[in-house]
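Trainee: fold the stuff below for me.
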Amino acid sequence: MIKITGVLAVMIGVVGLLDSWKKTMDQRLSFLADFCRLYKSGRFYLAQQKMKTPVFFDGFKGENEYFTKICRKISQNLIEHKYPQGAECWDMAWKKELNKYGFDSDTKRIINESGKYFFEISPDEMEERLLEYNRALEKKIENETLKYQEKRKVVYPVGMLGGIMLVIILL
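Mentor: Next up, the predicted model:
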């Protein structure tokens, strides 16, 4: 009975680790997709419709709830004038998050640079730059998705095999 419990505990642990890895990868892709939505919405509401930036960030609804919460935090910081420039507000809001999800340096650069184009810039330049950054992130999403699919083909079987080997060793 104890052996069966041990086997189940090890296998549940392996499945839990694999599920955690999958959730992290899905959340990374979700964050990138929400940035693309943010750029598209910014081009429309900020550049074309001339919406105020704090109102835009407060009303933005991403697919990822945490992403939406960060946008609302940006809005609140803009309203309270916590930072002298909007770009600083953007940097402070995303700095920790970009490191948390392990984005590569190029993706971080794209996101960090794009932040200044939401604030204090001509609508035409804003629209043009956000379109550029949107295209760049869409390419990143394609690459990340392909890498994820390739890794998944290896990680799942190896993880399960590792769990089975651990069970055999412990028996």
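Trainee: for residue 84, give me phi and psi.
Mentor: In terms of degrees, to the nearest 10, the main-chain angles of residue 84 are phi -70, psi -30.
Trainee: tell me how many other residues crowd it.
Mentor: 8 (other Cβ atoms under 10 Å). Glycine gets a C-beta too; all of them are placed from N, C-alpha and C.
Trainee: check what pLDDT it gets.
Mentor: pLDDT, residue 84: 84.
Trainee: for residue 160, see how far away it is.
Mentor: 53 Å (Cβ to Cβ, to the nearest Å).
Trainee: check residue 74 too.
Mentor: Applying Cβ to Cβ to residue 74 and residue 160 gives a distance of 41 Å.
Trainee: the more surrounded of these two?
Mentor: Ranked by neighbour count (other Cβ under 10 Å), residue 74 and residue 160 place residue 74 first, with 24 against 14.
Trainee: tell me which residue is most central in the protein.
Mentor: residue 31 (2.4 Å; Cα atoms, centre = their mean).
Trainee: that one: which element?
Mentor: helix 2-41 (DSSP states H and E).
Trainee: packing partners of the helix ranked longest in the chain?
Mentor: In the chain, with assignment by DSSP state H, the single longest helix is helix 123-170. Identification of packing neighbours for helix 123-170 by 3 or more Cβ pairs under 8 Å, 6 or more residues apart in numbering; DSSP states H and E yields helix 2-41, helix 105-115.
Trainee: got the angle for it vs helix 2-41?
Mentor: 170 degrees (axes from the mean of the first three to the mean of the last three Cα atoms, to 10 degrees).
Trainee: mean confidence score for helix 123-170?
Mentor: Rounded mean pLDDT across helix 123-170 is 89.
Trainee: then stretch 58-75?
Mentor: According to the model, stretch 58-75 has a mean pLDDT of 92.
Trainee: so which residues make contact with it?
Mentor: 27, 30-31, 33-34, 37-38, 41, 54-57, 76, 89-90, 93-94, 97 (Cβ atoms under 8 Å, 6 or more residues apart in numbering).
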